[in-house]
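*Asks:* just a sequence and a predicted model for now, questions to come.
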Amino acid sequence: MMKLKNFLTQHLSKLHLIFLIATFFFFLQHFLYHGWDFSVYVLNAQYMFADGNYFELSRAPLMSVFLGIFSFLGWKTAEYMYILFASTLFFFSSIFLARTLRLNELYFYLFSANAFVLLFGLVEGTELLALALLELFLVFLIKNKWYAGMFLGFVCLTRYPLVVFFPLLFFHKGWKMKIISVFSFVLPFIPWFVYNKIYYGNIFSSIADSYALNILYREYVPHTINFSSLFFVANILLPFIILGIWYFFSKRDFSREYLILGSAILFILYSVYSIKADVARYYIYLTIPFVFFSVYGIQKLSEKKKRFIVVIFILFTVIFTLYSFTQYHQEDYSQLLSGIKSIDSCALQSNVWVPLSYQGRLSEPFPSQQMLNHSLNDGYYIIFYYDAREPMYITNSNLLHQYPILLETEKYIVLGEGCKAIETVDKLYIETLNYRLDKIYNYTISEEPCEILFKGNSLCIFVNDIFTAP
């Protein structure tokens, strides 16, 4: 026991210990629960790297690329390798940003690995990776490195909406560096543009499909900031954030790095406000300013007070995170999969289409109420899990029981009696939207990416034509 203690003392610093504990939490979370989006990124990776049969082009590709790179170890192992990679990158990015801002590295990383980040950083896959890359972008921008733009490109290839940070590139010193950094921003996109051009005919197909799905045709969703999510990001750090803001503005230090950080905070707030979805994990980028002000504030306190704050913070984080893990519920689809063995060769639609596809039973998204009859006539079997949030009409028992029922339990119902042949599920969102609009309303909308993104701007068409498919 003493040998182990001596080894840990000699080879592990407090920073390394925090990293190991945080990574353990991420592993435990993924073992207990598989997020919907995480499963999609795995399916996308399998489509691109292993002839998979499910693909959502509207997803930014970087996470799936990393999963594909790690897939030589097996797909299950690749998921945990990706988690280790993202956690490691976050460890280094937090330390580099703390050094760049002249803050205590231990406090900065410790506070960064707070309960919110542990719960939401990797549950759906991309948030922690994007946060780490965003921190590295800020580090290299403050240091005036030309490759800052390249790291912002990686940020956007993790989550498209984070392109809102693009104006920060103009904080580079000198016009030459600004221009070079803008060009470096484009570099990571080139392989993805080429892929889009070859397989979909337009370099902007993925970006346009994502924009159509998440913004353009979500006009009914209002812009808003959820203050409960805002306070959740701050969690136990809130009083120290307020203290840090007070100290910071009392000092009136508006050097270049702090102007960059201040501008980044404004863009983070805008990105939170502009996303048309009330999802707590999208607030994770507020971790950067919240942790900055927390560390800035407590550095002014005595060592005794700092130790007390750290102990309280660690206890809260561990207890709250472990308690939250006990609330996870992973749905078991084994009974359903066993019950539908007789229709293994038939196409499915479902309100749990991603978990079913992830577990090897390919499924398509559920139909709208207006399309329900059409899907059944086409030969689809349709599975509705009652616990799923959508669609609303699954609560209408009279409606569902008008159709042929293959199987029904307290948890789910399987409708259908035909047998449409299974096809690869890789249609664009805009294609499926047009199919529905045509069948229900007898009209369609433009599927041209340049029309969706830029109203048919000729520059978009010219840029797309530069990338010629072989």
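*Replies:* Ah, there it is.

*Asks:* low pLDDT regions in the chain?
*Replies:* In the predicted model of the chain, residues 1-12, 219-223, 253, 276-277, 468-470 satisfy pLDDT under 70.

*Asks:* pop the domain breakdown of it in here.
*Replies:* 13-186+218-326, 334-415 (automatic domain parsing).

*Asks:* pick the most buried one from those domains.
*Replies:* domain 13-186+218-326 (a mean of 18; mean count of other C-beta atoms under 10 Å). Backbone N, C-alpha and C define where each C-beta goes, glycine included.

*Asks:* in this structure, what residue spans correspond to strands?
*Replies:* 348-350, 364-365, 381-385, 405-408, 412-415 (DSSP state E).

*Asks:* what distance separates the second one from the middle of the whole chain?
*Replies:* This points to strand 364-365. In terms of C-alpha atoms, centre = their mean, to the nearest Å, the centre of strand 364-365 is found 20 Å from the chain centre.

*Asks:* tell me the strands beside that strand, with direction?
*Replies:* strand 348-350 (parallel) (DSSP bridges).

*Asks:* who's in contact with the strand it pairs with?
*Replies:* 340, 356, 361-367, 375, 380-385 (C-beta atoms under 8 Å, 6 or more residues apart in numbering).

*Asks:* go with 6 Å
*Replies:* Residues outside strand 348-350 that contact it (C-beta atoms under 6 Å, 6 or more residues apart in numbering): Leu356, Ser363, Glu364, Phe366, Pro367, Ser375, Tyr380, Tyr381, Ile382, Ile383.

*Asks:* over to stretch 282-289?
*Replies:* Taking C-beta under 6 Å, 6+ apart as the rule, stretch 282-289 contacts Val117, Phe120, Glu127, Leu131, Ser229, Val233, Ile265, Ile268, Val272, Ile275.

*Asks:* in TSV, list those along with distance to Glu448.
*Replies:* As requested, those are arranged in TSV below (distance: C-beta to C-beta, whole Å):
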residue	distance to Glu448
Val117	40
Phe120	36
Glu127	32
Leu131	34
Ser229	36
Val233	39
Ile265	37
Ile268	32
Val272	31
Ile275	25
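
*Asks:* and these, which two are furthest apart?
*Replies:* Greatest spatial distance in the contacts of stretch 282-289: Phe120 and Ile265, 19.2 Å, computed using C-beta to C-beta.

*Asks:* angles on the backbone of the nearest residue to Gly35 once chain neighbours are set aside, please.
*Replies:* Ranked by C-beta to C-beta, 6 or more residues apart in numbering and with sequence neighbours excluded, the top spatial neighbour of Gly35 is Glu124, at 4.1 Å. Main-chain dihedrals, Glu124, degrees, to the nearest 10: phi -110, psi 0.

*Asks:* wait, Glu124 touches Asp37, no?
*Replies:* Yes - counting by C-beta atoms under 6 Å, Asp37 is a contact partner of Glu124 at 3.8 Å.

*Asks:* now the helices for the stretch 351-470 of the chain?
*Replies:* According to DSSP state H, counting those that start in this stretch, the stretch 351-470 of the chain carries its helices in the segments 353-358, 372-378, 397-400, 429-441, 449-454, 458-466.

*Asks:* what comes into contact with the last one?
*Replies:* Same thing as helix 458-466. Asn202, Ile203, Cys450, Phe454.

*Asks:* buried ones in that helix?
*Replies:* For helix 458-466, the buried set under the neighbour-count rule, 16 or more other C-beta atoms under 10 Å, comprises Cys460, Asn464.

*Asks:* longest helix in the chain, by residue count?
*Replies:* helix 75-100 (DSSP state H).

*Asks:* find the residue at the geometric middle of this structure.
*Replies:* Thr126 (3.5 Å; C-alpha atoms, centre = their mean).

*Asks:* so it touches Met63, yeah?
*Replies:* Yes - with contact defined as C-beta under 6 Å, Thr126 counts as touching Met63 (5.2 Å).

*Asks:* helices of the stretch 1-150 of the chain, start to end?
*Replies:* Under DSSP H, counting those that start in this stretch, the stretch 1-150 of the chain gives helices at 2-11, 14-32, 36-50, 62-70, 75-100, 105-112, 115-120, 127-142, 148-158.

*Asks:* let me see the contact set for the residue lying closest to Ala421 once chain neighbours are set aside.
*Replies:* The spatial neighbour of Ala421 that comes closest, neighbours along the chain excluded (C-beta to C-beta, 6+ apart), is Ala347 at 6.6 Å. Contacts for Ala347 were tallied using C-beta under 6 Å, 6+ apart; they are Tyr380, Lys420, Ile422.

*Asks:* reformat those into JSON lines and put distance to Trp75 next to each item.
*Replies:* Below are the contacts of Ala347 laid out as JSON lines (distance: C-beta to C-beta, whole Å):
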{"residue": "Tyr380", "distance to Trp75": "27"}
{"residue": "Lys420", "distance to Trp75": "28"}
{"residue": "Ile422", "distance to Trp75": "21"}
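
*Asks:* which of the contacts of stretch 282-289 sits closest to Leu213?
*Replies:* Leu213 lies nearest to Ile275 out of these, by C-beta to C-beta, at 12.4 Å.

*Asks:* give me the residues contacting stretch 134-148.
*Replies:* Stretch 134-148 is contacted by residues 93, 96-97, 100, 151-152, 155, 172-173, 180-181, 184, 257, 260 when judged by C-beta under 6 Å, 6+ apart.

*Asks:* ok, now stretch 187-204?
*Replies:* Contacts for stretch 187-204 (C-beta under 6 Å, 6+ apart): Pro61, Met150, Gly153, Phe154, Leu157, Ser205, Ser206, Pro449, Leu453, Asn464, Phe467, Ala469.

*Asks:* how about 8 Å then?
*Replies:* By C-beta under 8 Å, 6+ apart, stretch 187-204 touches 57, 61, 150, 153-154, 156-157, 205-206, 208, 428, 448-450, 453, 460, 463-464, 467-470.

*Asks:* repeat that for stretch 296-308.
*Replies:* 103-104, 107, 240-248, 309.

*Asks:* ditto for stretch 231-241
*Replies:* 111, 114-116, 280, 283-284, 286-287, 290-291, 293-294, 297-298, 309, 312-313, 316-317, 320.

*Asks:* measure Leu169 to Phe189 for me?
*Replies:* 14 Å (C-beta to C-beta, to the nearest Å).

*Asks:* gap between Ala98 and Leu106?
*Replies:* 9 Å.

*Asks:* ok, Leu152 next?
*Replies:* Distance from Leu152 to Leu106, by C-beta to C-beta: 28 Å.

*Asks:* Phe38 too?
*Replies:* Distance from Phe38 to Leu106, by C-beta to C-beta: 30 Å.

*Asks:* likewise for Ile215?
*Replies:* 40 Å.

*Asks:* export the helices of the stretch 351-470 of the chain to JSON lines and append columns for distance to Phe26.
*Replies:* Shown next, in JSON lines, are the helices of the stretch 351-470 of the chain (distance: least, C-beta to C-beta, whole Å):
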{"stretch": "helix 353-358", "distance to Phe26": "19"}
{"stretch": "helix 372-378", "distance to Phe26": "38"}
{"stretch": "helix 397-400", "distance to Phe26": "39"}
{"stretch": "helix 429-441", "distance to Phe26": "30"}
{"stretch": "helix 449-454", "distance to Phe26": "35"}
{"stretch": "helix 458-466", "distance to Phe26": "39"}
